[in-house]
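Asker: I would like to see how this sequence folds:
(2 chains)
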Amino acid sequence: MSAADADTELLEDTAARRRATLRRYARHPAFVSGAIGVVLLVLVAVFAPWLAPHPPTRTDLMNTLSPPSATYWLGTDAFGRCVLSRLIWGTRISLQVGLYVVLISLTAGTLLGAVAGYVGGWLERVLVAVIDILLAFPSFLLALALVAARGNTLDSIVLAVAIAYTPRIAAVMRSVVLTIRPRPFIEASRAIGLSSWTILVRHVIPNALPPVIVVATVSAATAILAEAGLSFLGLGVQPPTPTWGNVISEGQTAITTRPLISLSAGLCIAFTVVVLNLLGDGLRDTLDPQMRRNTGKLL
Amino acid sequence: MSVAFELRGLTAAVPGEKGAVRLVEEVSLEVRAGETLAVVGESGSGKTVTFVSALGLLPKPGRVIAGEALLDGVDLLSLEPEALRRMRGARIGMVFQDPLTGLNPVFRVGDQIGEVLRAHRSIGRREMRERAVELLARVQIPDPSRRVDDYPHQFSGGMRQRVLIAMAIALGPRVLIADEPTTALDVTVQAQVLDLLGELRDAEGMAMVLITHDLGVVARQADRVAVMYAGRVVETGTVEEVFRAPRHPYTISLFRSIPDIEAPAGTQLAAIAGSPPDPARRPAGCAFAPRCFAATEQAGCRVERPVLRGERHLAACHRLGEPGVAA
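Answerer: The predicted structure follows:
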């Protein structure tokens, strides 16, 4: 075989590998449906002003608690506000909460867990103790207490839920880091004179991320659920701001006559949680080399 | 040639139930610029621990309790951790045994080579890449300008070891420590990697320490050899001296246990009876005495630790020069 042949083969090999990676994702039904669902939600949130048939807080006092009609597809609530429009706008709040909570708890949890796992010693013992205490404490109660103390703005809700979810990420991160720390390339990194911090950021964390990303995706779903729960209890973002939790809570008064109001908001939450979980499952399967071997050839 | 790297009485230990367990004891070695010192010994004899300790990389709770590691006269072990970190990779490089897992799987090879440069010099991205290509060429990776963007899994074991060598020599260190660099590679690739190490040593005028348990590798590559047993150096000399006339009973037994291809069929392979002592339970006298063909009560083998004796070709044995032991 000439060198040129070997070259083309190598290039084709790389391209084939890339295609195989894409195919691996495309062939995973849970990943595909989860991803489509999440993309849909994001589109709805981004284009809410154009998609919503009515302003979400405009009251139509002539049509309170009206049944679904051509004007109000899902009917109106007790103040005569369009339920569909409120749900569409509510997507923004829910996704924001999910996104920010994941960003904050992923960053904080990754750092805390990685430091605990990599540095070891008394620092690890202290961090693990704190993580365990937070994990043992019901996270919803924790969020509730924080919101009660800080006031119920979107910021404090995000912060409260993020603090509740950080220890989960940290615990997973630490356990993964413990499996990476003894690997030879970490020792090799020390032998070439990299500082501990560089090794942690450049070598340990990137290798530990896949399982953590999976946990984070699922956490986004539970964070959205937590926000809805807080809203339902009246501790979320205050009405008349449209959130799914608020819609459920407001629909409650008319649940016997107009169950569709609370039900539709509940379905929105359920849909979001399901698609995020599907995405998480899909990521778990495709990011895990063991699974990869089962689904197709690689390496 | 000047002494580039010298260990003086290096002793490293881990805490045990009954006080410190000494993993290596009073190891003294030196290696000159342009020369290869082979350190041989079986698994657990302390070859790796010696050099990992000298670089300040011994995992906790192990620590060096005595001795010096002099790099051009500067004791590495007395340096602040940050100063020692700056030495590692820049002035003294180390290549480990397992090339397959020695590279981070998630980064491109070129970036990992560049990382050594960036850890010690301020350097731009483009220059980093150029240097990485140069270094890949130095370690004879074909088509380096393209392979620089590949990931470790796209390299064979031998090529990965070359990449690790490229990283170790990136900043032109004075000393390169190669810890069983060819153990994980197949035989034809072993020879290539060893030749490469020899060429690089000559070209750079580096001092090289080659940790191995393969006497064939020693004969082929090294100028001088140090034999380790149970955490101590038991014999040291030039390869010629040690191979022609081994003086320590352990070394003698080692050479006897090399299978002889000319031996008649059915000949039993010679082996050293017993196994090396547990570091926590080493015998009081010579650690090799329980397995030694020459050990006697009179010579104090079971009572006193022997010290290295001799002019240039040293051995640590109570019965040196006595009948029953080779001169």
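
Asker: CA atoms for contacts and neighbours, from now on please.
Answerer: Will do.

Asker: how many other residues sit next to residue 209?
Answerer: Defaulting to chain A. 18 (other CA atoms under 10 Å in any protein chain shown).

Asker: my bad, chain B
Answerer: Counted with other CA under 10 Å, residues neighbouring B:V209 total 25.

Asker: for it, helix, strand, or coil?
Answerer: Following DSSP: H, G, I helix; E, B strand; the rest coil, B:V209 is assigned to strand.

Asker: my guess is it meets B:V40, correct?
Answerer: No: counting by CA atoms under 8 Å, B:V40 is not a contact partner of B:V209; they are 10.5 Å apart.

Asker: tell me which parts of chain B are close to chain A?
Answerer: Contacts of chain B with chain A, taken as CA under 8 Å from any CA of the partner chain, map to B:55, B:57, B:85-90, B:93-96, B:98, B:101-104, B:106, B:116, B:119-120, B:153, B:167-168.

Asker: Relative to A:S175, how far out is A:T217?
Answerer: A:T217 sits 18 Å away from A:S175, going by CA to CA, to the nearest Å.

Asker: of these two, who's got more company?
Answerer: A direct count of neighbours by other CA under 10 Å for A:T217 and A:S175 places A:T217 higher, at 25 against 15.

Asker: dump the residue contacts of the more buried one.
Answerer: A:102, A:276-277, A:279-280 (CA atoms under 8 Å, 6 or more residues apart in numbering or on different chains).

Asker: and with 7 Å instead?
Answerer: A:276, A:280 (CA atoms under 7 Å, 6 or more residues apart in numbering or on different chains).

Asker: Wait, a helix at it?
Answerer: Yes: under three-state DSSP, A:T217 falls within a helix.

Asker: Near chain B, which residues of the stretch 151-299 of chain A are found?
Answerer: A:184-185, A:188, A:191-194, A:203, A:207 (CA under 7 Å from any CA of the partner chain).

Asker: now those in TSV, with secondary structure?
Answerer: Shown next, in TSV, are those (three-state DSSP):
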residue	secondary structure
A:P184	helix
A:F185	helix
A:A188	helix
A:A191	helix
A:I192	coil
A:G193	coil
A:L194	coil
A:H203	helix
A:N207	helix
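
Asker: What's the ChimeraX syntax to select whichever of these are buried?
Answerer: Selection command for ChimeraX covering only the buried members of those, criterion 16 or more other CA atoms under 10 Å in any protein chain shown:
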select /A:184,185,188,191,192,193,194,203,207
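
Asker: what residue lies at the spatial centre of the chain?
Answerer: Chain wasn't specified; assuming chain A. A:A220 (2.2 Å; CA atoms, centre = their mean).

Asker: nope, chain B please
Answerer: B:I211 (2.5 Å).

Asker: ok, it to B:S53 distance?
Answerer: From B:I211 to B:S53 the distance is 14 Å (CA to CA).

Asker: Now do the contacts for the residue nearest to the centre of chain A.
Answerer: Per CA under 7 Å, 6+ apart, neighbours of A:A220: A:98-99, A:101-102.

Asker: Now do the phi/psi pair for A:S196.
Answerer: phi -60, psi -40 (degrees, to the nearest 10).

Asker: Helices of the stretch 1-150 of chain B, residue ranges please.
Answerer: B:47-54, B:81-87, B:109-120, B:125-138, B:144-147 (DSSP state H, counting those that start in this stretch).

Asker: Looking at those, which is nearest to A:G117?
Answerer: helix B:81-87 (20.8 Å; CA to CA).

Asker: Against which helices or strands is the host helix or strand of A:R174 packed?
Answerer: If you go by DSSP states H and E, A:R174 is part of helix A:154-180. In terms of contacts (3 or more CA pairs under 7 Å, 6 or more residues apart in numbering or on different chains; DSSP states H and E), helix A:154-180 is packed against helix A:83-119, helix A:121-136, helix A:139-150, helix A:205-232.

Asker: switch the cut-off to 6 Å
Answerer: Secondary-structure packing of helix A:154-180 (3 or more CA pairs under 6 Å, 6 or more residues apart in numbering or on different chains; DSSP states H and E): helix A:83-119, helix A:139-150.

Asker: Nearest to B:L79 among these would be which one?
Answerer: Proximity to B:L79 (CA to CA) singles out helix A:83-119 among the helices and strands packed on helix A:154-180, at 21.1 Å.

Asker: circling back: would you list the helices of the stretch 1-150 of chain B in JSON lines and tack on mean neighbour count, distance to B:R244 and mean pLDDT?
Answerer: What follows is the helices of the stretch 1-150 of chain B, written out as JSON lines (neighbours: other CA atoms under 10 Å in any protein chain shown; distance: least, CA to CA, whole Å; pLDDT from 0 to 100):
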{"stretch": "helix B:47-54", "mean neighbour count": "23", "distance to B:R244": "23", "mean pLDDT": "92"}
{"stretch": "helix B:81-87", "mean neighbour count": "16", "distance to B:R244": "38", "mean pLDDT": "90"}
{"stretch": "helix B:109-120", "mean neighbour count": "23", "distance to B:R244": "41", "mean pLDDT": "90"}
{"stretch": "helix B:125-138", "mean neighbour count": "18", "distance to B:R244": "35", "mean pLDDT": "92"}
{"stretch": "helix B:144-147", "mean neighbour count": "16", "distance to B:R244": "43", "mean pLDDT": "92"}
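
Asker: Next, find the distance separating the residue nearest to the centre of chain B from B:T183.
Answerer: With distances taken as CA to CA, B:I211 is found 10 Å from B:T183.
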